[in-house]
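[1] mind looking at a prediction? Sequence and model below.
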Amino acid sequence: GENVGLHLPTLSVQEGDNSIINCAYSNSASDYFIWYKQESGKGPQFIIDIRSNMDKRQGQRVTVLLNKTVKHLSLQIAATQPGDSAVYFCAESQYGGATNKLIFGTGTLLAVQP
Amino acid sequence: NAGVTQTPKFRILKIGQSMTLQCTQDMNHNYMYWYRQDPGMGLKLIYYSVGAGITDKGEVPNGYNVSRSTTEDFPLRLELAAPSQTSVYFCATLGGYSTDTQYFGPGTRLTVL
């Protein structure tokens, strides 16, 4: 579908708190999901990925949770730091399938207050 | 290992002009993508390729063309530039299920006047 609205959802957190960024994906056939971080003026940077045969995956200070029943993905950032301030995008794909389109969600702006 | 490189970084075009945005990767990734990102918005898929010689349309292909003659290169062509094509263009690759195999290029900022 088309993006609506001209601004991104914003999550404002205090430094040191945990952040949870949510994403609803659209395609039930998607089996591979990625979270990206985009700082102002830069390209998206890979954070963590997960395949549909898992419901949780942990990285360094980040955890991705996948709920296939409700087509929901979340990114948890522990002990949020000012350097985490950025726009976060989730992306979905059908990994290894006939089409490997990588489709992005709208994005969430994370603002970390010192 | 340079990852994904894009040229040029910036470009200003006049309406009706044409240009090619270059994207090159040195990771031997099969999947490559072109996105555009308008201010304050997410990324929209223009074209993608699952390997050399294979390309397909994304969400917003009108006004663009691509080719994939080699694994490394995936150029994006604008034939008749329009103001609506003013955007930041990102090239990306997808190599596999691992923490170090997803890359975006630095982007090309295009303005059409």
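    Yep, that arrived. Residues are numbered from 1 along each chain as shown, chains lettered A, B, ... in the order given.
[2] for the rest of this, base every contact and every neighbour count on C-alpha atoms.
    Noted.
[3] and residue A:65, how many residues sit next to it?
    If you count neighbours by other Cα atoms under 10 Å in any protein chain shown, residue A:65 ends up with 17.
[4] got a list of what the closest residue to it other than its chain neighbours touches?
    Spatial nearest neighbour of residue A:65, excluding adjacent residues (Cα to Cα, 6 or more residues apart in numbering or on different chains): residue A:56 at 4.6 Å. Contact analysis of residue A:56 by Cα atoms under 8 Å, 6 or more residues apart in numbering or on different chains lists A:50, A:63-66.
[5] rerun at 10 Å
    Under the criterion of Cα atoms under 10 Å, 6 or more residues apart in numbering or on different chains, the contact list for residue A:56 reads A:49-50, A:63-67, A:73-74.
[6] now do residue B:14
    B:80-83, B:111-113.
[7] hang on, the earlier thing: give the buried subset of the contacts of residue A:56 as a PyMOL selection command.
    In PyMOL syntax, the buried subset of the contacts of residue A:56 is picked out as below (16 or more other Cα atoms under 10 Å in any protein chain shown):
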select buried, chain A and resi 49+50+63+64+65+66+73+74
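[8] for the residue nearest to residue A:65, report the pLDDT, please.
    Looking at residue A:56, its pLDDT stands at 97.
[9] any idea how far residue A:25 is from it?
    16 Å (Cα to Cα, to the nearest Å).
[10] how many residues are close by residue B:57?
    17.
[11] what's the answer for residue B:45, then?
    Neighbours of residue B:45 (other Cα under 10 Å): 23.
[12] that one sits in which helix or strand?
    strand B:43-51 (DSSP states H and E).
[13] can you check residue A:21 too?
    Going by DSSP H and E, residue A:21 is in strand A:19-24.
[14] how about the next helix or strand after that strand as PDB, C-alpha atoms only?
    Next along the chain after strand A:19-24, taking DSSP H and E as the criterion, comes strand A:32-38. Extracted C-alpha coordinates of strand A:32-38, given in PDB (Å, rounded to 0.1, in the frame of the first residue of the first chain):
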ATOM      1  CA  TYR A  32      12.900 -13.400   6.700                       C
ATOM      2  CA  PHE A  33      13.000 -10.200   8.600                       C
ATOM      3  CA  ILE A  34      15.600  -7.500   9.100                       C
ATOM      4  CA  TRP A  35      16.000  -4.400  11.300                       C
ATOM      5  CA  TYR A  36      17.900  -1.500  10.000                       C
ATOM      6  CA  LYS A  37      19.100   1.700  11.600                       C
ATOM      7  CA  GLN A  38      19.400   4.900   9.600                       C
END
